[in-house]
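Following is a predicted model, sequence given first.
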Amino acid sequence: MTTEIRNCDCVELRTARSVDLPGVLSLLDAARLPTAGVAEAFSHFVVAESEGRLVGAAGLENLRDIGPSSLCRSRGQVAGERSGPEVDRTCAREAKQRGIHDVFLLTTTAEHYFPRFGFSCTNRESVATEVQASVEFQGACPSTAVLMRKSLRQDTP
C-alpha cells in the first residue's frame, strides 16, 4: 500500500495478513472495541505498522460482497499513536476502488472525530440492508451507537 512519514516516524500502511489477526484483536480489546466478526472480515483490513509494531487497524465489512455499501469497523490505534487518519484515508481509497458508494460506521465515542473525514450522522433507516446484516449492526455494537455515513460517489467532493 503506502508508507506515510510524519515527524521522523515512518508508518507503513498495508493490507492485513493472517498473522496480524492476534495483534489486531489485542489492539481492539485494549480500545474496548468489538471483535465479533473481525476474523470473517479480516481479508478487508488495513493495518499500520511503525518500527515493526502494529499501531493501528481498520476493516471494511460487506465490501462489495452484496451491494455498493460497506461498514468501516474496528478502527483502533495504540494510545499515543496517530495512525488513524492514514488508516481512514486508506480504507476510503480501497472502498472507492472496489466500487463502494457509501461507507457507514458505528461509534460510541468518536462522533466528533469522523466529520473531518467526510462522515456525517445519519439514521439507521437510511442504511442498506447488507450493512444492517453485519455483525456490528446485529449486536456487536450497542443500539445506542451513533451511525455515520460517508459518500464515495464520483460527484461528491
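Alright, I've got the coordinates.

Give me the below-cutoff pLDDT ranges for this structure.
Low-confidence segments of the chain, defined by pLDDT under 70: 1-9, 62-66, 154-157.

ok, longest helix in it?
The helix that spans the most residues within the chain, counting by DSSP state H, is helix 84-97.

gap between that one and the chain center?
8 Å (C-alpha atoms, centre = their mean, to the nearest Å).

Give me the contact list for the following helix or strand past that helix.
As assigned by DSSP states H and E, the chain's next helix or strand after helix 84-97 is strand 102-107. Defining contact as C-beta atoms under 8 Å, 6 or more residues apart in numbering, one finds that strand 102-107 is touched by 60, 68-73, 75, 91-92, 95, 113-114, 119, 122, 127-128, 131, 136-137, 141, 145-153. For every residue, glycine as well, the C-beta is placed using N, CA and C.

which of those are buried?
Neighbour counting with 16 or more other C-beta atoms under 10 Å marks 60, 68-73, 75, 91-92, 95, 114, 119, 127-128, 131, 136-137, 141, 145-150, 152 as buried within the contacts of strand 102-107.

Just want the angle from the longest helix of the chain to strand 102-107.
Using axes from the mean of the first three to the mean of the last three C-alpha atoms, to 10 degrees, one finds that helix 84-97 and strand 102-107 are set 150 degrees apart in direction.

For helix 84-97, name the packing helices and strands.
With contacts defined as 3 or more C-beta pairs under 8 Å, 6 or more residues apart in numbering; DSSP states H and E, the packing partners of helix 84-97 are strand 2-6, strand 9-15, strand 45-50, strand 53-61, strand 69-77, strand 102-107.
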